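[1] Output the structure for:
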Amino acid sequence: MRVAAFTGGHSFDRDAFTEFLGSLPGEITWFEHPDAEPDAAELEKFDVSLHYDMPGTLPEPADPPATLRAAVAAAPATGHGYVILHHAIASWANWDDWAEFVGGRYLYRPGVVRGVSCPDSGYRHAVAQRVTVADPTHPIVAGLPPTFELVDETYLCEVFEDDVTPLLRTDAEMSDAVHWSTALAMAGRRDERAGWHHRPGSQLVGWTKTTGRSRLAYLQPGDKAPTLSDPTYRQLVAGALEWAARLR
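    Numbers count the residues shown, from 1 in each chain. Sure, this is the predicted structure:
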């Protein structure tokens, strides 16, 4: 299995991520924005892309490169697989097709999603939570326990539940009473919620999508070293990569 791993656009624990990559199956090549971006011919050499990046969003929204647009558009025909981790759902704030491809949208500012006006998304660090496998028959979770504990960040964001297949659910509270406004944080008001309201969010923290021949898995956990080093999480990501690469 040949894996293209992507980082950049968001801070992360480099040592923990390096060890995490080393625990995964397959031959992994690490690309980092903005210094490295494979062209279409190079991406064709890989079976699956692992995204732990968040480009095109901060400090100002930017458009994705034509190579990535083309790769995503061609994925249903090429069968290239994708595993999207944690903050990578928030990539490319100006590119609606990324949200549609992944199955959800994280908003840094209030915006319109699928024709509906939505508030900015929320976040909450270091949430102790129990994650439950929603579909024990799925190949990704083969050998995993039916529930497992994590301490990880949660997102109060738009999830297109009608378009994805549930894989994992959290018991964490998904409300604006415990999450923080991203727009307020960006305005220097990190510990405030005044004036920010968000409807209750989805309990889904993992899902899959199949578009044509392309398989995609999104896993919301993955914020910091404790999760990246967790054996169950590593087994989960390994399963997602093999499934997306059509090896399961």
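[2] can you pull out the strands in the chain?
    Here the chain has its strands, by DSSP state E, at 2-7, 27-32, 48-51, 81-85, 104-105, 111-113, 116-118, 122-133, 147-156, 158-159, 165-170, 180-181, 204-211, 214-219.
[3] got a markdown table for those, with mean pLDDT, distance to Arg190 and mean neighbour count too?
    All C-beta spots, glycine's among them, are computed from the backbone N, C-alpha and C. Below are the strands of the chain laid out as a markdown table (pLDDT from 0 to 100; distance: least, Cβ to Cβ, whole Å; neighbours: other Cβ atoms under 10 Å):
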| stretch | mean pLDDT | distance to Arg190 | mean neighbour count |
| --- | --- | --- | --- |
| strand 2-7 | 97 | 24 | 21 |
| strand 27-32 | 95 | 27 | 14 |
| strand 48-51 | 97 | 26 | 26 |
| strand 81-85 | 98 | 24 | 27 |
| strand 104-105 | 97 | 22 | 22 |
| strand 111-113 | 95 | 20 | 14 |
| strand 116-118 | 97 | 21 | 11 |
| strand 122-133 | 98 | 10 | 17 |
| strand 147-156 | 98 | 14 | 20 |
| strand 158-159 | 98 | 22 | 24 |
| strand 165-170 | 98 | 23 | 20 |
| strand 180-181 | 97 | 7 | 22 |
| strand 204-211 | 97 | 23 | 21 |
| strand 214-219 | 98 | 26 | 25 |
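[4] ok, now which ones touch Asp152?
    By Cβ atoms under 8 Å, 6 or more residues apart in numbering, Asp152 lies in contact with 126-127, 129, 220-224, 226-227.
[5] can you rerun that using 7 Å?
    By Cβ atoms under 7 Å, 6 or more residues apart in numbering, Asp152 lies in contact with 127, 129, 221, 223, 227.
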